Structure formats: C-alpha cells, structure tokens
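1. quick one: sequence plus predicted model below, questions after.
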Amino acid sequence: MADLFDTAASSADRKPAGPRPLADRLRPARLSEVIGQPQVIGPDAPLTVMLGAGALSSLVFWGPPGVGKTTIARLLARETDLNFVQISAIFSGVAELKKVFEAARHRHANGQGTLLFVDEIHRFNKAQQDSFLPHMEDGTILLVGATTENPSFELNAALLSRAQVLVLERLGPEDLSRLVARAEAELDRTLPLAPGARAALVEMADGDGRALLNLVEQIAAWDVTEPLDRETLARRLSRRATKYDKTGDEHYNLISALHKSVRGSDPDAALYWLARMLAGGEDPRYLARRITRMAVEDIGLADPQAQRHCLDAWETYERLGSPEGDLALAQAVIYLALAPKSNAGYAGYKAAMRAARQSGSEPPPKIIRNAPTKLMRDEGYGAGYEYDHDAEDGFSGQNYFPDGMARGAYYEPVDRGFERDLRKRLDWFTRQRTRRAAD
C-alpha cells in the first residue's frame with residue numbers, strides 16, 4: 001500500500017539499499033510523518049488520543065485506495081510495541097486464519113501482543129468475520145481492518161460493535177503536492193515539469209498517493225531536456241480510471257448527488273454528477289430510468305411535460321446509443337433541474353396508500369358500484385348515482401369514499417408551475433362540494 005509522509009525517515013529506519021519502488025522507499029517511520037488524515041491522526045484526533053492514553057482499541061479504516069491505511073496500521077503496531085501481522089481477505093481462508101490466531105495466542109501467552117491488520121476485510125463472509133470476535137474479546141489480537149466499502153453494509157454488527165470505524169479521506173491537491181516534493185527530495189532531482197504539468201500530474205493521481213508515486217517514478221525515468229507541458233504529459237501518461245463501482249457505495253453516493261442536484265434546481269451540478277457517472281462507466285439506461293423517476297417524484301404535475309421529456313430522452317438514447325444518445329439524457333437533466341418542483345403528487349399517493357392499508361377492505365358506496373345484473377340492481381347497486389356530465393356545471397359533488405369513512409385530503413398542490421392552476425381547480429371543487437352539502 002502507499003505510505004505517505006512529510007519528511008524523510010531517519011536512516012536507522014531505512015531498509016538496505018536495493019531495487020525498491022519509490023513508494024516503498026518513502027515509508028514513514030512515525031505517525032507524524034504521514035501526509036493527510038488530520039481527522040484521524042491530528043491533534044486531539046482519535047488515534048492521537050488513544051495513543052496518548054495508552055488505550056488503543058480495535059479499528060476499521062474506511063477509505064479509498066492509496067490514502068495510508070496500511071501505513072497507519074503498521075505505525076500503530078510500532079508505537080505500541082505490538083507484533084504486526086498483515087493478511088488480505090482476498091487471499092486468506094479459514095486455514096490461514098487458524099494459523100494466525102494460534103501464533104497470536106502463543107505470543108499472548110509470552111507477553112507479546114499482536115496487531116492483526118486485515119486488508120479488504122469486507123471480503124470475509126459472516127462466519128469468517130465472526131471468527132475474530134473471541135480473539136478480540138480476550139486480548140489475543142488487536143484487530144485493524146481496512147476496507148474501501150461502507151462498513152455499515154459490509155461488516156457484521158457484532159464486529160462493528162467491538163471496533164471503532166475511522167474514515168480516511170482521499171488526498172487533496174495540497175497533500176499530493178507535498179508528496180511530490182518529498183519524492184523529489186528522495187530522488188535528489190526535480191521533475192522536468194512545467195507548472196501546468198505539475199497540476200495535471202496531481203489531477204491524474206485522483207487522490208491516490210500510491211498512484212501518484214508510481215507516476216512520479218515513471219516521469220523520473222524519462223530522458224528529457226526541457227520541462228514538459230500539460231499536453232505532452234497527458235500524451236505520455238495514461239490518466240487513471242475514475243474510481244467508480246457500479247454496484248458499490250460510490251454508485252449510490254453519485255446517484256444521490258445527481259438526484260439532489262436536480263431537486264435543488266442546480267443544472268450545472270446535475271450535469272457534473274451525470275458526467276461523473278457516465279465517465280465511470282455507468283449504464284445510461286439506469287440513468288434514464290432514474291432521471292424519469294426524478295420527474296415523477298420531484299416535479300410531478302408542476303410541469304406535466306417533464307416526464308414526457310425524460311421518456312423522449314430515454315427513447316432517443318435507445319435509438320442512438322452512446323455517446324450521441326448521452327446528450328439527450330444531459331438535456332433531460334437540464335430540463336428537470338430548471339423545472340418547477342413539486343412532490344405533492346408523490347406525497348398524496350403515499351398518504352392515500354396509508355389510508356388504504358388502514359381502511360382494509362371497505363367497499364365503495366353502492367351509488368358508484370357497477371350493476372350489470374338484476375340482482376345487483378335489486379341490492380341497490382348504482383341507485384342514486386348522478387351522472388356528472390348532466391350536472392349544470394359538470395360536477396355532482398357526490399361522495400365517492402366508503403360509507404362511514406371520513407373524507408380524505410391527500411393531494412395538496414403547491415403554488416408553483418402548472419400546479420397553481422390545479423390548486424385553483426381543486427379549491428373550486430372543494431367550494432362546490434361544501435355548498436352542495438349545505439343545500
């Protein structure tokens with residue numbers, strides 16, 4: 001894993017010289033040398049407080065790749081005199097876990113603690129995760145897990161109750177620039193980059209320190225006589241793929257961002273999140289469905305054309321495909337963001353569903369029941385029904401709720417867009433219904 005730090009590690013902490021990757025040569029020797037993550041290792045941050053009190057608990061580091069999860073775990077073992085053992089849930093099974101626990105028990109019996117670092121801990125199944133619990137409880141191991149997935153969804157509640165989750169964040173541009181400077185000091189040379197190319201290098205790393213050091217190592221191996229500009233650097237280096245998992249936490253974060261940007265009437269932000277998802281490889285058909293849902297839920301009858309616009313964009317995509325059809329989805333997103341918003345129809349539907357569940361199997365009043373047979377007519381089905389088209393103003397004002405059920409009021413149009421007109425119509429019908437009830 002990438003190890004990120006501010007100042008050079010002491011020579012006593014360095015490994016013997018050899019053909020080692022730059023990221024390995026830049027491993028921090030102390031927590032204070034780690035770049036970034038002040039919310040975890042800064043003054044008064046959780047790890048600083050735990051170490052100061054001499055009471056380090058089991059931990060789960062949640063964060064993207066290349067932000068120092070392995071580094072911090074290794075340094076915690078060093079600063080607490082615990083034996084550091086590292087395994088990966090991708091390559092380890094039950095047999096290896098048993099060996100790890102047995103070795104930890106022997107150390108524990110001899111007065112030596114074990115910090116067990118489990119990379120990709122979310123890859124273990126429930127039974128494997130449960131196997132850690134007794135060894136955590138009796139002090140045989142201090143567990144430090146690392147995951148790129150949301151622990152709330154991927155880790156057992158029992159394990160989470162025994163560990164503190166600490167969130168590590170992607171490295172910002174300033175952190176990555178400091179890491180470049182540190183790498184240049186280690187290499188004893190300045191990278192042949194113009195200022196614009198330096199900024200592009202940081203962008204290419206996309207918050208991943210390990211990826212940045214790999215790029216730096218490539219650039220350092222080039223034989224160039226003049227500083228490279230942004231365009232030349234882009235041609236020589238492949239930009240890293242955007243971090244995006246179409247079935248993982250990032251998927252739900254980005255679709256939530258797109259939906260809320262549309263709801264918040266911000267077309268620029270909505271376009272940005274749409275582009276992020278498309279660039280990450282999201283299925284445009286999924287986006288077409290979600291965009292149509294936004295029209296139904298958040299715009300509704302405030303703009304009846306919004307839903308039609310989304311369906312047309314969806315059909316256009318089906319005919320054109322990508323990338324041409326993506327533009328139709330983008331235009332639909334812009335339309336939705338700028339449309340008047342109302343969830344009155346959505347709220348009314350949910351209120352009606354609650355009433356339907358509460359009222360059970362109450363039948364309609366007889367006046368509006370169908371009466372195709374003589375028996376049904378003899379039972380009073382349809383008796384007294386007033387045909388609204390025959391009324392003077394096209395409105396009979398009869399009750400259509402079940403007999404004995406109080407009249408419900410579920411749809412409350414807002415004073416925006418087309419629903420202003422619907423509000424006027426609804427108010428007129430309400431007044432007519434009240435007048436007829438009084439007659």
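-> Looks like it came in fine.

2. for the rest of this, base every contact and every neighbour count on C-alpha atoms.
-> Will do.

3. quick one: mean pLDDT for stretch 44-52?
-> For stretch 44-52, the mean per-residue pLDDT is 94.

4. buried residues of it, list them for me.
-> Neighbour counts over stretch 44-52 (16 or more other CA atoms under 10 Å) mark 46-49 as buried.

5. how about those residues in TSV, adding distance to Gln37?
-> TSV is the format used below for these (distance: CA to CA, whole Å):
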residue	distance to Gln37
Pro46	11
Leu47	11
Thr48	12
Val49	15
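
6. those in strands, which ones?
-> Counting by DSSP state E, the buried residues of stretch 44-52 place none of their members in strands.

7. out of those, who's nearest Arg377?
-> Distance to Arg377, by CA to CA, is smallest for Pro46 among the buried residues of stretch 44-52, at 76.8 Å.

8. quick check: that closest one vs Glu137, distance?
-> With distances taken as CA to CA, to the nearest Å, Pro46 is found 21 Å from Glu137.

9. go on, Ile291?
-> For Ile291 relative to Glu137 (CA to CA), the value is 48 Å.

10. neighbour-wise, which of the two wins?
-> Neighbours were counted for Ile291 and for Glu137 using other CA atoms under 10 Å; Ile291 has more, 27 against 11.

11. wait, what's in contact with that one?
-> When contacts are counted by CA atoms under 8 Å, 6 or more residues apart in numbering, Ile291 is found next to 259, 310, 332-333.

12. which element, helix or strand, includes it?
-> helix 284-294 (DSSP states H and E).

13. pLDDT weak spots in the stretch 101-250 of the chain?
-> Residue ranges of the stretch 101-250 of the chain with pLDDT under 70: 238-248.

14. tell me, how many residues neighbour Val262?
-> 28.

15. where does it land on pLDDT?
-> Confidence at Val262, expressed as pLDDT, is 96.

16. quick one on the thing from earlier: between the buried residues of stretch 44-52, which is closest to Asp24?
-> Set against Asp24, the nearest of these by CA to CA is Leu47 (23.5 Å).

17. list the contacts of the nearest residue to that closest one once chain neighbours are set aside.
-> Of all residues not flanking Leu47 in the chain, Ile41 sits nearest, at 5.5 Å (CA to CA, 6 or more residues apart in numbering). By CA under 8 Å, 6+ apart, the contact set of Ile41 is 31-32, 47-48.

18. now do the same end-to-end measure for stretch 87-94.
-> End-to-end distance of stretch 87-94: 12 Å, with CA to CA as the criterion.

19. got it, and stretch 140-159?
-> 15 Å.

20. check stretch 405-425 too.
-> 24 Å.

21. repeat for stretch 33-40
-> For stretch 33-40, the first-to-last residue distance is 13 Å (CA to CA).

22. mean confidence for that stretch?
-> Mean predicted lDDT for stretch 33-40 stands at 94.

23. just the buried residues of it, please?
-> Buried residues in stretch 33-40 (16+ other CA under 10 Å): 33-37, 39-40.

24. among those, which two are most distant?
-> Maximum distance among the buried residues of stretch 33-40 (CA to CA): 14.8 Å, for Glu33 and Gln39.

25. next, format the buried residues of stretch 33-40 as JSON lines and append secondary structure and distance to Thr430.
-> JSON lines is the format used below for these (DSSP: H, G, I helix; E, B strand; the rest coil; distance: CA to CA, whole Å):
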{"residue": "Glu33", "secondary structure": "helix", "distance to Thr430": "71"}
{"residue": "Val34", "secondary structure": "strand", "distance to Thr430": "68"}
{"residue": "Ile35", "secondary structure": "coil", "distance to Thr430": "66"}
{"residue": "Gly36", "secondary structure": "coil", "distance to Thr430": "62"}
{"residue": "Gln37", "secondary structure": "coil", "distance to Thr430": "60"}
{"residue": "Gln39", "secondary structure": "helix", "distance to Thr430": "57"}
{"residue": "Val40", "secondary structure": "helix", "distance to Thr430": "59"}
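
26. between those residues, which is nearest Asp427?
-> The closest of the buried residues of stretch 33-40 to Asp427 turns out to be Gln39 (CA to CA; 54.6 Å).

27. how near is the closest one to Pro173?
-> 17 Å.

28. equivalent analysis for Asp403, please.
-> 67 Å.

29. got it, and Leu59?
-> For Leu59 relative to Pro173 (CA to CA), the value is 27 Å.

30. hey, where'd the strands end up in the chain?
-> 59-62, 83-88, 114-119, 142-147, 164-167.

31. ok, the closest residue to Leu31 other than its chain neighbours - contacts?
-> Of all residues not flanking Leu31 in the chain, Leu75 sits nearest, at 6.3 Å (CA to CA, 6+ apart). For Leu75, the contact set (CA under 8 Å, 6+ apart) comprises 29-31.

32. which residue is nearest the centroid of the protein?
-> Residue closest to the mean C-alpha point of the chain, counted by CA atoms, centre = their mean, is Asn253 at 2.4 Å.

33. do you know how far that residue is from Pro227?
-> 39 Å.

34. now the top helix by length along the chain: buried residues?
-> The longest helix of the chain (DSSP state H) is helix 419-438. Neighbour counts using 16+ other CA under 10 Å place 419, 422-423, 426, 432-433 of helix 419-438 among the buried residues.
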